[in-house]
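*Asks:* Here's a sequence, model it:
(chains A and B)
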Amino acid sequence: KAGVTQTPRYLIKTRGQQVTLSCSPISGHRSVSWYQQTPGQGLQFLFEYFSETQRNKGNFPGRFSGRQFSNSRSEMNVSTLELGDSALYLCASSLRQTGDEKLFFGSGTQLSVL
Amino acid sequence: KQEVTQIPAALSVPEGENLVLNCSFTDSAIYNLQWFRQDPGKGLTSLLLIQSSQREQTSGRLNASLDKSSGRSTLYIAASQPGDSATYLCAVLSGGSYIPTFGRGTSLIVHP
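*Replies:* All right, here's what the predicted structure looks like:
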C-alpha cells in the first residue's frame, strides 16, 4: 500500500510569488491535514480537509489556502510569498481523523523563499 | 490551550544504552498520544499510538507509557543503536476539533 506522497520534494521561489504543493493520501484515507515545520516554531497545524471540506484551520494568514478533490488528493497554495514562509511543509492522512487513528505523514516539501 | 513539552531537547549516548524520552502535556483530556520519529529533512514516521484508555504500547525495542493524570508520556528505547539517531516527537490529540499539538522534539544521537 503506497504511503502519503508529496510533490514536489524541493521548491525555490522568490518573494511575492505564489506556490502550490500537492499531497496524495494513502488509498482510502479521506482526511488530509497540512503542517508547517520551522526550526523556530516547530510543527504548526495549517488546516485539515475531510471529504472536500475544510474542517479545521490553524492560525495562519489568508495567504495560506488549500483544497481537497473528490479523490481525496489535496493541494495547498501560498500566495505572495514572504521570506518567513521558508519551511518544510508536511501533509498527513488518516481515515477520518477521529480520536483513535494514527496520522501518516509524507516526506514533505522543502520550500525556500529567496 | 494544550501545550506539549519534550525533555531533554537533545541527547547523545553510546550504543547499547537504554533511553527514556519524556513528553508532558497540560490538558489531560486527551484522545490519544502518538510518538513519531523524524530523520533530518524528512517526514514523520509513526512509532506508537496510545489511546487515552491505554497505559502503554510496545513495538520491538520501543515502549511508550501514558499517565494522563500527571500529563506525562515516556518513550523507552531499549539497547539503542546508531540507526535510532533521529528526532523524536510526541503529538497529543485533544479538544473537539481533533487537531494534534506537537512537542518540539528530542534530538537523539547514538554513537558507536
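*Asks:* did I read that right, B:Gly83 in a strand?
*Replies:* No. Assessed with DSSP: H, G, I helix; E, B strand; the rest coil, B:Gly83 is helix; it does not lie in a strand.
*Asks:* What is the neighbour count of it?
*Replies:* Using other Cβ atoms under 10 Å in any protein chain shown, B:Gly83 has 8 other residues around it. In this view, the C-beta of every residue, glycine as well, is placed from N, C-alpha and C.
*Asks:* before we move on, what about B:Thr5?
*Replies:* Neighbours of B:Thr5 using other Cβ under 10 Å come to 15.
*Asks:* list the contacts for it?
*Replies:* Contacts for B:Thr5 (Cβ atoms under 8 Å, 6 or more residues apart in numbering or on different chains) come out as B:23-25, B:103-104.
*Asks:* B:Gly103 versus that one, what's the distance?
*Replies:* For B:Thr5, the distance to B:Gly103 (Cβ to Cβ, to the nearest Å) stands at 6 Å.
*Asks:* hey, what's in contact with both of the two?
*Replies:* Shared contacts of B:Thr5 and B:Gly103, defined by Cβ under 8 Å, 6+ apart, comprise B:Cys23.
*Asks:* hmm, back to that, from the contacts of B:Thr5, pick the one nearest A:Thr80.
*Replies:* B:Arg104 (28.5 Å; Cβ to Cβ).
*Asks:* Need the nearest residue in space to the closest one, chain neighbours excluded.
*Replies:* Take B:Arg104 and drop its neighbours on the chain: the residue closest to it by Cβ to Cβ, 6 or more residues apart in numbering or on different chains is A:Gly42, 4.7 Å away.
*Asks:* and the one you found, what are its bridge partners?
*Replies:* Taking DSSP bridges as the rule, A:Gly42 bridges to A:Thr38.
*Asks:* any idea of the pLDDT on it?
*Replies:* Predicted confidence (pLDDT) for A:Gly42: 91.
*Asks:* Contacts only, for it.
*Replies:* Applying Cβ under 8 Å, 6+ apart, the residues contacting A:Gly42 are B:102-105.
*Asks:* go on, A:Pro8?
*Replies:* A:21, A:109.
*Asks:* that's a strand at A:Gly84, yeah?
*Replies:* No. Counting by three-state DSSP, A:Gly84 is not found in a strand; it is helix.
*Asks:* Which residues are in contact with it?
*Replies:* A:Val113.
*Asks:* Recalculate using a threshold of 10 Å.
*Replies:* Contact partners of A:Gly84, counting by Cβ atoms under 10 Å, 6 or more residues apart in numbering or on different chains, are A:38, A:40-41, A:113.
*Asks:* Chain B: which of the residues you listed is nearest?
*Replies:* A:Gln41 (9.1 Å; Cβ to the nearest Cβ).
*Asks:* B:Thr101 against B:Gly95, yeah?
*Replies:* Yes. Using Cβ atoms under 10 Å, B:Thr101 is in contact with B:Gly95, at 8.6 Å.
*Asks:* Can you pick out the residue with more neighbours from the two?
*Replies:* B:Thr101 (21 against 16).
*Asks:* burial measure for the spatially closest residue to the more buried one that is not a sequence neighbour, as a count.
*Replies:* Spatial nearest neighbour of B:Thr101, excluding adjacent residues (Cβ to Cβ, 6+ apart): B:Gln2 at 4.4 Å. When counting by other Cβ under 10 Å, one arrives at 17 neighbours for B:Gln2.
*Asks:* Many thanks, we can stop here.
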